[in-house]
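Undergrad: Show me how the following folds:
(2 chains)
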Amino acid sequence: MSTCASFAVADFKSDLKPIWCPGCGDFGVLQSIYRALSAIGRAPHEISFVSGIGCSSRIPGYTTAYGFNSVHGRALPIAQGIKLAHPELLVLAAGGDGDGFSIGGGHLPHAIRRNLDITYIVMDNQIYGLTKGQLSPTSPRGLHTASSVFGSLEDPVNPLLYVLGYGARFVAQGTPADMAGLSTLIEAAIRFKGFSFVNVQSPCITFGQPDQQLKAHKAGMTSLASVGHDPTNRIKAMDLAQAYGSTLYTGIFYQDPDAGPTYEEAVETRRTQFSGKPIVPRQRILENFIPR
Amino acid sequence: MPQVTERPKPFLFPEFCKGCGRCISVCQKHSIHFADHINARTGVVPIEIDLDTCNACGLCMDACPEPYGLIGRPVDATDWELEDPSHLFGHRPTTAPVPVDIPDQRVALPACEPLVVKGNYAAAIGALLAGCRHFFGYPITPSTEGAELMASLMPKLQGVFLQAVSEVATVNHMYGAASAGQRSMTFTSSPGFSLMLEGISYMIGAELPGVFVNIMRGGPGLGNIAPEQTDIKLACRGLGHGNTHALVFAPSTPQEMLDMTMRAFDLSFRYRNPVVILGDGYLGQMTGRVMLPRDMVKPGIPAWAVWGDAMHRRNLTSSIMLAETDLEQHNEHLNRKYEAMKVEAMADTFVCDDAEIIVVACNTPARMAKGAVQELRHMGVKAGLFRPQTLWPFPVDAFLPLLAHARRIVMVEASPGQLEDELRLALSRADVRTYPPISSVQHFGGILPQQHEIVTRIMDLPAGSHAQAVSGSEVLA
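TA: Residues are numbered from 1 along each chain as shown, chains lettered A, B, ... in the order given. This next block holds a predicted model:
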């Protein structure tokens, strides 16, 4: 049902002006999403963009897609509901690291194992920005924040490693410091048939660590292609994912070359399977429950 | 000469049979079959054994998964209840001492200048002075400052601050800390409070204390971050599933945020029940003058705590009571406790002694209402403010005397009548059949009723509802 007409970046820009702090990484992510969507060529009304709560979760409002700024941590269940209700839609989910790995952390493995064709973009800034600078699940140990005044006592999660561990079929990481690369990644993630996960290192200019801003990303990022990574090698991908927090790798960590059917396809197959069966008359309805 | 022992044939009390049929499929003699009727005591169809064809092979006894199911013993076996070890042997012998309360101590505080702090900070300071050393929370505007103050003070006070991964985790951290008899609290706001309700219900069921400061914001759903009073219904009538109630405080100044939080800990432990403090977004953010109390609390350990030493070894906190009779007794016990909590109802009145117009308000709207009452008094209108300080139980006993001279009740609230519902329900429960008409000044979505609105609303009431200074003498003594 994809439309043939071509869409420009401007077609995906809404009338809302982003109210992120000047210099926020999310501007770059938004721009990359515009570019990716225009390259995909689906009409804005065929796209559903779901987010949770957080600074980054404002992002659907800045696109012309059908947006849903939903419940904190629940972007993925809502996105799954939308995709199942209307499988032809292009469903994007987005949010921050707190939304995705803290309060919503329990939903991620199940979205991955169900394998609906959804693209999940996490803007990971290692801080809770909207509530003015508290510890996030990806904050490094020892980080001083409003809720860890004397330094964090907790180790951060490694989102790349754990989505790979959950069996994700498409895992990538990007940064708005490399906008061209990021839009290519998002485009590849959207084109991937199945659940795709893109972790975007999108720095928080107001509460983030001063040495983790876009300039540092630009200087420190290493493309996975440049280290000769083969994205079909899951074990190698997990090996490289361990560098999360120390080396900023950009590119596709893992892409399953042999991804099976998506959940919505499996649902459709089952529907066809049962639609051919004769209908049992009401008088004999109990026969359905007799074990054979 | 070898002794011949006869193998026992299977025996079954039908009420222990769950009708799984495993014995039927293993019986080589086809001696077992399902009965042709349902056992009235269990509601399932038990098996029947034809002992004439049975050769006592014992396969059915091996197959039976029930501990009191098929078993080879004579029919004249005795009272099966006696098989319960605690019936047979009594409680396990122990030398552990019987737990006793280690009482709280009050420690005098040096006199100090009043603080000028935000409502959220005041509540956090109150909690610390009440001996709370376990804080769990999840950032949510407009309550986060309370948690942030705890983050910076707890480590210096040998306390624990933990930022939970969600409000669901928060309430369960508190459940754990409370089980150990420790004082724990959280700050949250409306959407977060919704998430905590499941755990609050469990804490009420398990009779565990904890203090929840809910800085109410606009709803439903995500709403906004501005003040509303729309969790009154939730806190008073809907604390999770089941038969639940908790004391609900409604402070209206930063000073009350501190005082009520201290009192909340005291009552939470006295009644072994969570306590909810409902503030609103303005109150959390509002800066005010706060006097510290004369003394603070060094908490002891209650006798019921699962504290992990020999004395507390046999304690158990649980909200599961599978037997219907047990749960009924537990709920009757909880109801008696809720009834006993009613003495904690508190209210504040302002120039109500001769008031013909009773303005009812709590939290920040009570401050606008107070201003309006003062303005009306200057205009010669006999208005008074009734401010419930606890919303559950509603302080109806303090309200009833005011009805003698009241001609109108005016509700001032940032909700579509949730406080009014509590008042009406309390009046109805108090068997008050007739009371003056109730009008209201309401705002939602983060806007609070303004003083001039309240004044205008009252002045616009139908003639006779209020008496001007001139004609005032002839209306009601």
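Undergrad: Of all the residues in stretch B:325-341, which ones are buried?
TA: Buried residues in stretch B:325-341, defined by neighbour count with 16 or more other CB atoms under 10 Å in any protein chain shown: B:Leu327, B:His330, B:Leu334, B:Tyr338, B:Met341. Where C-beta positions appear, they are placed from N, C-alpha and C, glycine not excepted.
Undergrad: Just the CA trace of it, in CSV.
TA: Presented in CSV, the C-alpha positions along stretch B:325-341 are these (Å, rounded to 0.1, in the frame of the first residue of the first chain):
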residue,chain,number,x,y,z
THR,B,325,-13.0,-17.2,56.6
ASP,B,326,-9.5,-15.9,57.1
LEU,B,327,-9.9,-13.1,54.6
GLU,B,328,-13.3,-12.1,56.0
GLN,B,329,-11.8,-11.9,59.5
HIS,B,330,-8.9,-9.9,58.1
ASN,B,331,-11.2,-7.5,56.4
GLU,B,332,-13.3,-7.1,59.5
HIS,B,333,-10.1,-6.3,61.3
LEU,B,334,-9.2,-3.7,58.7
ASN,B,335,-12.7,-2.2,58.9
ARG,B,336,-12.3,-1.9,62.7
LYS,B,337,-9.0,-0.2,62.0
TYR,B,338,-10.6,2.2,59.5
GLU,B,339,-13.3,3.0,62.1
ALA,B,340,-10.6,3.7,64.7
MET,B,341,-8.8,6.1,62.3
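Undergrad: Which ones among the buried residues of stretch B:325-341 lie within helices?
TA: Using DSSP state H, the subset of these located in helices is B:Leu327, B:His330, B:Leu334, B:Tyr338, B:Met341.
Undergrad: Columns pLDDT on top of those residues, output as JSON lines?
TA: Listed next are those as JSON lines, based on pLDDT from 0 to 100:
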{"residue": "B:Leu327", "pLDDT": "94"}
{"residue": "B:His330", "pLDDT": "96"}
{"residue": "B:Leu334", "pLDDT": "97"}
{"residue": "B:Tyr338", "pLDDT": "97"}
{"residue": "B:Met341", "pLDDT": "97"}
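Undergrad: and chain A, which of those contact it?
TA: Among these, no residue sits close to chain A (CB under 8 Å from any CB of the partner chain).
Undergrad: rewinding a little: export the buried residues of stretch B:325-341 as CSV, with columns for distance to A:Ser226.
TA: Formatted as CSV, the buried residues of stretch B:325-341 follow (distance: CB to CB, whole Å):
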residue, distance to A:Ser226
B:Leu327, 65
B:His330, 66
B:Leu334, 66
B:Tyr338, 68
B:Met341, 68
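Undergrad: Run through chain A and note the low-pLDDT ranges.
TA: In the prediction, chain A carries residues with pLDDT under 70 at positions A:1-5, A:277-279, A:292.
Undergrad: likewise chain B?
TA: In chain B, residues with pLDDT under 70: B:1-5, B:73-88, B:463-477.
Undergrad: can I see the domain layout of it?
TA: By the assignment in automatic domain parsing, chain B contains the domains B:9-78, B:105-344, B:347-476.
Undergrad: and which of the buried residues of stretch B:325-341 is nearest to B:Ile204?
TA: In terms of CB to CB, no member of the buried residues of stretch B:325-341 lies closer to B:Ile204 than B:Leu334, at 7.3 Å.
Undergrad: is it true that the closest one touches B:Leu239?
TA: No. Applying CB atoms under 8 Å, one finds B:Leu334 not in contact with B:Leu239, separated by 11.9 Å.
Undergrad: what touches both of these two?
TA: B:Ile204, B:His245 (CB atoms under 8 Å, 6 or more residues apart in numbering or on different chains).
Undergrad: Would you verify that A:Asp211 is located in a helix?
TA: Yes. If the criterion is DSSP: H, G, I helix; E, B strand; the rest coil, then A:Asp211 is within a helix.
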